[in-house]
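[1] below are the sequence and a predicted model for it; my questions follow.
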Amino acid sequence: MNRTIEQKGETFFLNLRFILIVTVFVGNAIEPLISRMDSLHTLYLWIFSFHMPLFVLVTGYFAKSSMMGKTGRKVLLQIAIQYVIFQSLYSLLDAVFFHVDDIHRSFFAPYLLLWFLFSHACWRLLLLSVGKLTAGQQLLFAAVLGVIAGYLPVDGVWLSVSRTFVFFPFFLVGYHFSFETFALRFKPWIKGIAATISLLLFIGFSVWGSNLPTGWLYGNMTYAELGQDVWYAGLFRIAVYALQLTASAAFLAWVPMTMGRITDLGRRTLYVFLLHGFIIRLMDFSGLHESISHFGGAMLLIAAAILCTVLLAQPGFKRLFHPVIEPSVDGILRLENLAMRRFFVR
């Protein structure tokens, strides 16, 4: 019975993970157009109200089986190598080929989407550090950290410090998530209510979205950077948390619980995540966004983003890029174990 629930939970979260990577690609593809097309601005806000919190939640859920011991060290080491490789590649291409100048080029300032890798490693270390607390205490502690982070007198980009603390509560929610309880309580009528709320949020963003600065949804800026350098700015963060939790829970209504074609694609979302940034940069460099001036062109762009997501999640791309995206760290771990044995023998 437990094995069946575990398999159903894995299927659900793989489905969710693929749907989320589609929204990531679409959101990044349409971002240059949102100031010119109100409909895309609405879609963009709707996507950003849930896709990063849910992606962090899914990451926390799948981290359950790889937090401790040799497996945990292996994952942290892989994340570190992935970060170094793609931070170098993206920075090099921006400097040499795309000629992007308005960006920090430092290993201490994660390049755009690579903040997720840096923060993922930090979430794992933070979770280990609060492991003796109960789940409720961990969540309360993380939420307080997320609110306090906005007051720090630092640039939120450096070391991904802002997003690390802001999204840490969602990582914990995923880590402690009980799919069995969720499946029992997420009845068809509740699912219908959730879907309705998700649609109402979309409508709400179309009506009032212009009053919501997107920076609050990104989670990468301090309150001062957001123009709210006041003592009560933390209350705005709490309100955004409430919005993101509501949007995230409501979006789950759109995720199928049964195995399908997207389930297998969901196993390779890391490849889409790390590679799609090159396509987005190429779009910008080619002037594609400047050539889109009507809704039809925007729909074609969205369709292209979805198609590219499916293509990058194909097994062939995994075979081709596996050495770079999922590098073997067994040799490093063996050297680490050898060094530790020699140290303790002495």
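    Okay, I see it. Just so you know, these numbers come straight off a predicted model, no measurement behind them. Residues are numbered from 1 along each chain as shown.
[2] these two touch, right, M52 and N220?
    No - in this structure M52 lies outside contact range of N220 using C-beta atoms under 8 Å: 10.0 Å. Just so you know, the C-beta spots here come from the backbone N, C-alpha and C atoms, and that holds for glycine as well.
[3] of those two, give the one with the bigger neighbour count.
    Between M52 and N220, M52 has the larger neighbour count (other C-beta atoms under 10 Å), namely 26 against 20.
[4] for the more buried one, give me its contacts.
    The contact partners of M52, taken as C-beta atoms under 8 Å, 6 or more residues apart in numbering, are F167, L217, Y218, G219.
[5] what two of those are the furthest from one another?
    F167 and L217 (11.1 Å; C-beta to C-beta).
[6] ok, these two, which is more surrounded?
    F167 (28 against 21).
[7] residue contacts, that one?
    Counted by C-beta under 8 Å, 6+ apart, F167 has contacts M52, P53, V56, S119, W123, G146, G219.
[8] ok so, going back, okay, the contacts of M52 in JSON lines with distance to H99 next?
    Listed next are the contacts of M52 as JSON lines, based on distance: C-beta to C-beta, whole Å:
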{"residue": "F167", "distance to H99": "31"}
{"residue": "L217", "distance to H99": "29"}
{"residue": "Y218", "distance to H99": "25"}
{"residue": "G219", "distance to H99": "29"}
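[9] excluding chain neighbours, give the residue nearest to P327 in space.
    Nearest residue to P327, sequence neighbours excluded (C-beta to C-beta, 6 or more residues apart in numbering): I81, at 5.1 Å.
[10] am I right that the one you found is in a helix?
    Yes - under DSSP: H, G, I helix; E, B strand; the rest coil, I81 sits within a helix.
[11] wait, doesn't it sit right on E326?
    No - with contact defined as C-beta under 8 Å, I81 does not count as touching E326 (9.4 Å).
[12] can you name every helix or strand that whatever helix or strand Q78 lives in contacts?
    Taking DSSP states H and E as the definition, Q78 sits inside helix 69-93. Packing partners of helix 69-93 (3 or more C-beta pairs under 8 Å, 6 or more residues apart in numbering; DSSP states H and E): helix 115-129, helix 269-286, helix 330-345.
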